[in-house]
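# Show me the folded form of this:
(chains A and B)
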Amino acid sequence: MTEQNVRELLRTGGYIADEAIATAVFLALRMEKPILIEGPPGVGKTGLAKTLSAVMDFPLVRLQCYEGIDEGKALYDWEYGKQLLYTQMLRTQLDTHLSAASSLRDAVEQLASEESLFFSQNFLVQRPILRSFLSEKRSVLLIDEIDRSDDEFEALLLECLSDFQVSIPELGVIVANNKPLAILTSNGTRMISDALRRRCLYLYIDYPELEREVQIVRARFPEICDELAHQMVGFLRKARELNLRKPPSVSETLDWAEVLSILHVARLTPAVVANTVGVISKHQADLQKVVELATAELT
Amino acid sequence: METIITRFVADLRKEGLRVSPGESLDAVCALAYGGLEGRGSVRALLRLTLVKNVHDIPRFNKVFDRFFRKYPEGMGVDPADLLHEAIISMEGEEMLGTNPEMVNENMSLAMVDAGLSPEDLKDLQSLKEIPLDQLDGSEIEIRLKGYQRAMEAPRPSMRMPQNPVTMAFKPPAGQQRDLTFSQEELDAMQDAVSRMILRLKKDIRRVKNKENRGKIHVIRTIQKNYRNGMVPFLLELRRKRKQKPRLVVLCDVSFSVSHASQFMLLLLHTLHNRLMDVRSFIFNAELAEITEMLSNSPINTMMEVIDSGAIVNLDDNSDYGKVFLTFKEKYLENLRGRPAVIFLGDARNNYNKANDWVLEQVREKAGYMLWLTPEDRSLWKRGDCLIETYGAWCDKVEFVKNVEELNVIVEDLFRNIYLEDEHRSMRSINKAEEDQGYDYRDYYTRGGSRSEPGFDPEGRSHW
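Next comes the predicted model:
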């Protein structure tokens, strides 16, 4: 498989990749390294992982990060309730089992030999990372918005992502059956540590070039004519330069394209923008600026 | 092939990028895997493996273009070709030496040496027109630095004829400004800060103890007492997440506030990472983050670097509007956990665009905003001072005239932040109700009266 193949493959999933994105995916597959994707919100970071999972037929395992996430939520956890229940239920069984023991010492030793029973795979809850490591076939492991988590969690990921293994004190080291294609996304709300960066390929996805964005629109909404696509993408690119609170992103472009195609709009006019401005701008303060831009640009 | 990468990486490091050996190894692997079709693909491959930060991408591109400049685009790339070309391009560069186009015909060689432009000379000329006996040190300095906006800016003598604060912070004219702190000064400061930290720690311990007296964490308690047959001998209490309060400091280092800012930096340096997460920025006309420097280098070295203008250009006039804009674009998104934001500066914007709308957005992210100015209140309305515009978005504007005051204010603030954490959730609910329909621009008329803010015995102002 070459980088060109990757690009075509992604295109079948409706994802228009540029050279850097295709190269990153290609390398990640070959080198079995995670990709760390940064960029403004809504430019297709998560979308890349989803598309990859769809076109390559890898199951998608998603871990959404948040402040305070810990290993119990990301790697594994013990099922305490089940453990307790089993102890209760097995009590009678235990009595008969231990009645064979001749002395207390014997009984203790017998019990000790069975102790690890409660810390076995039976009582282990697999959380996303472990689940993707132990999955039957190669999977896409999406660690979304890593920048929302804390430093401790980031450190926890280091072992998982460089060696694709998880250490569980009671069980030992569990190595991945199939190394997942790991994709980490970050909106840059916090600096990710150098240690983690070093373990990853680094991909920065910016707002796409005009032509690529037009292609993205056309790929998803073929009913939108080339002229309209150019017009709306051009307009949004201007809007991005307005210093808005929340600049419209590719996801907004697509939402807008959908709205325009539902409304059977053939050409952008200030009136059309004014009626649909809520789709591209999500801040009260921004609405006015976008409408003003429309009056200035589209008449 | 390996040689190319090594040399390329060496170039990147020279440009200030941090590339680890592991990453260069990755790059070699990647090139071996990759199709190597065309320059774009090579660039993408190298960038993916060697650059780990958005801000480094432009520098990477620069080095890449320089390194492969001689390479004609569109040819199929063979690694051997690459190596060959790379060597040619590098050696050719050395042969070229300095670029003759850089030397402008209008400039004499001496001027080129001194790095002076014709405009600079014109400024020096205009200085002669002022009678010498009317000049003091600060006047010359402002004239010299103000040449870019000579037409708009009022004459310094109109602006602040006798500014006591600037005088207090500035050593007498003619005397060389002390760039570094003496050992005694350092010791005294460390002493003061240490005492402050001890006092604060007591408070903090009290807060933390209270925090720990929380509810029982059932699962953890059971887990902990597994070996005791689930009899809860050892309790595990739910505790609030351990969190250092966060602090963001933007410090003006332009000449007019330099003495205050130096002490501020010294204070930050001592506090850094001991009590809180501090992110520090310095600015003049541009903004630069110095957090890493604060934790890594000794204070005097840092001061020297800042004073040499290596981080931000000290010859510019401070431009708050531009700095706020940069701050919004590059760092505002990174503010997490509702940090306290402190600005230190005189808010003299040199008639640039104010951009105070940025502060509204900072306000939304910040838990607390404080503006420290070394200028007395009577001077706030004069000239290009925007402190009332900026101050309107802050929780408090304080006037600091010396280090002791700075200490008191910062200590006050820290105590506030720590103790506030306790009640933050409660307070934020109350505040939300209170804030409805509240315009921060009403700030100066808070409490319904239009009276001037009062001063407490220590000379600090409160609204």
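
# which stretches of the stretch 301-450 of chain B have low pLDDT?
For the stretch 301-450 of chain B, residues meeting the criterion pLDDT under 70 lie at B:402-404, B:417-450.

# Near chain A, which residues of it are found?
Taking Cβ under 8 Å from any Cβ of the partner chain as the contact definition, the stretch 301-450 of chain B meets chain A at B:Glu333, B:Asn334, B:Arg336, B:Gln361. C-beta: built from backbone N, CA, C; applies to glycine.

# Can you say which of those are buried?
With neighbours counted by 16 or more other Cβ atoms under 10 Å in any protein chain shown, those contain buried members at B:Glu333, B:Asn334, B:Gln361.

# possible to save those residues as TSV with distance to B:Glu184 and secondary structure?
What follows is those, written out as TSV (distance: Cβ to Cβ, whole Å; DSSP: H, G, I helix; E, B strand; the rest coil):
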residue	distance to B:Glu184	secondary structure
B:Glu333	43	helix
B:Asn334	38	helix
B:Gln361	43	helix
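
# what about A:Asn243, is that helix, strand or coil?
On the three-state scheme (DSSP: H, G, I helix; E, B strand; the rest coil), A:Asn243 is labelled coil.

# Local confidence estimate at it?
What the model reports as pLDDT for A:Asn243 is 79.

# ok, it to chain B distance?
Plainly put, A:Asn243 is 8 Å away from chain B if you go by Cβ to the nearest Cβ, to the nearest Å.

# now that residue: how far from A:Ala285?
11 Å (Cβ to Cβ, to the nearest Å).

# How about A:Val259?
As it turns out, when the distance is counted by Cβ to Cβ, A:Val259 lies 22 Å from A:Ala285.

# ok now do the residue of the stretch 151-299 of chain A found nearest chain B, which residues does it touch?
The shortest separation between the stretch 151-299 of chain A and chain B is 3.7 Å, found at A:Arg197 (distances taken as Cβ to the nearest Cβ). Under the criterion of Cβ atoms under 8 Å, 6 or more residues apart in numbering or on different chains, the neighbours of A:Arg197 are A:Leu36, B:Lys52, B:Asn53.

# between these, which is nearest B:Glu15?
For the contacts of A:Arg197, the closest approach to B:Glu15 (Cβ to Cβ) belongs to B:Asn53, at 12.9 Å.

# So that closest one sits against A:Cys200, correct?
No - here B:Asn53 does not reach A:Cys200: they are 11.8 Å apart, not a contact under Cβ atoms under 8 Å.

# The two: which is more packed in?
With neighbours defined as other Cβ atoms under 10 Å in any protein chain shown, B:Asn53 and A:Cys200 compare such that A:Cys200 has more, 25 against 18.

# Just give the number of residues close to B:Arg59.
Residue crowding around B:Arg59 was assessed by other Cβ under 10 Å; the count is 15.

# show me what contacts it?
For B:Arg59, the contacting residues are B:Leu12, B:Glu15, B:Gly16, B:Leu17, by Cβ under 8 Å, 6+ apart.

# what would the contacts of A:Arg197 look like in JSON lines with distance to B:Arg39, pLDDT and secondary structure?
Below are the contacts of A:Arg197 laid out as JSON lines (distance: Cβ to Cβ, whole Å; pLDDT from 0 to 100; DSSP: H, G, I helix; E, B strand; the rest coil):
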{"residue": "A:Leu36", "distance to B:Arg39": "24", "pLDDT": "94", "secondary structure": "strand"}
{"residue": "B:Lys52", "distance to B:Arg39": "22", "pLDDT": "85", "secondary structure": "coil"}
{"residue": "B:Asn53", "distance to B:Arg39": "22", "pLDDT": "82", "secondary structure": "coil"}
